[in-house]
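Chemist: Predicted structure and sequence below. I'll ask about it afterward.
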Amino acid sequence: MDIVITERLPYESTREYVYRCLKENIMNLRLFPGSALSEKDISVLLNVSRTPVREAFIQLESEYLLDILPQKGTRVSLLDVENVEESFFLRETVEKEVFYLAVKEFPSDKLFELQSNITLQELCVEEENYLKFFELDEALHRCIFEGCKKGRIWSLIQQISTHYNRVRMLNVAAKHDWPELLSQHKKLVQAIKEKNTSLGTSTVEKHLNKIRIDIKDLLVEFRHYFV
């Protein structure tokens, strides 16, 4: 089982640790959609009892990341296009409005954070580090929400975007147009810096729509990962 095991944090309960470890591996596609999991194997791997593993499984099932099937076992959920589309609808609707706020007024410290993020994204493209690129992509969008004092809304979006984000991770891992993604991110930051509403509006629409276009290729290339 190709799982990356991280150290348990000082404040974490055993259940929280198991949950975080499994979720990180599922979201990063180290545990592929459709992968079989067992309470026994995970408890041995993480050196914990089976009870917190069972509890973590139940929580992950509630987030649509695991399918627990009586008499058949537990598997990482396959990617559901309908679930992805629902998350996309929410994100598209909200993020356009947040970006409209960002190009009107944005704090200088957050703008510096965005510009620093872009520099690191450029390095990731050079080094072909897709995991870090995805993290920075997420951080850039979160920073825009936070700069507009909408950080809690970003957190709510993340809670229902597990399938959407796994598809985005798959897209990045498959190297679907990294330079285009980076270019769009640069234009988003440029629009905020210059308070350029027209550039921001056109770019954010193209950027958010990209996954809707790319998913057609992913459905062909990785059909076995989808429902």
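Modeler: On my side now, so go ahead.

Chemist: Would you map out the domains in the protein?
Modeler: 14-76, 81-225 (automatic domain parsing).

Chemist: Need the distance between the two termini of the longest one.
Modeler: The distance separating the two terminal residues of domain 81-225, taken as C-alpha to C-alpha, to the nearest Å, comes to 11 Å.

Chemist: cool, the shortest one as well?
Modeler: Using C-alpha to C-alpha, the end-to-end distance of domain 14-76 comes out at 21 Å.

Chemist: If you count contacts, what does the helix or strand residue 82 falls within end up packed against?
Modeler: In the assignment (DSSP states H and E), residue 82 maps to helix 81-104. On a contact count with 3 or more C-beta pairs under 8 Å, 6 or more residues apart in numbering; DSSP states H and E, helix 81-104 meets helix 130-147, helix 151-159, helix 162-173, helix 178-194, helix 197-221. (Glycine included, C-beta is placed from N, CA and C.)

Chemist: low pLDDT regions in the protein?
Modeler: 1, 176 (pLDDT under 70).

Chemist: Nearest residue to the most centrally placed residue in it in space, please, no chain neighbours.
Modeler: By C-alpha atoms, centre = their mean, the mean C-alpha position of the chain lies nearest to residue 165, the distance being 3.5 Å. Of all residues not flanking residue 165 in the chain, residue 27 sits nearest, at 6.3 Å (C-beta to C-beta, 6 or more residues apart in numbering).

Chemist: And residue 201, how close does it get to residue 103?
Modeler: 8 Å (C-beta to C-beta, to the nearest Å).

Chemist: higher neighbour count, those two?
Modeler: Between residue 201 and residue 103, counting by other C-beta atoms under 10 Å, residue 103 is the more crowded of the two (20 against 15).

Chemist: which ones are touching the residue nearest to residue 165?
Modeler: Neighbouring residues of residue 27 by C-beta atoms under 8 Å, 6 or more residues apart in numbering: 65, 162, 165, 166, 169.

Chemist: Show me which of these is closest to residue 39.
Modeler: Nearest to residue 39, judged by C-beta to C-beta, of those is residue 65 at 15.6 Å.

Chemist: what residue of this protein is the furthest out?
Modeler: Within the chain, the residue lying farthest from the chain centre (C-alpha atoms, centre = their mean) is residue 71, at 31.3 Å.

Chemist: Correct me if wrong, but that one is in a helix.
Modeler: No: counting by DSSP: H, G, I helix; E, B strand; the rest coil, residue 71 is not found in a helix; it is coil.
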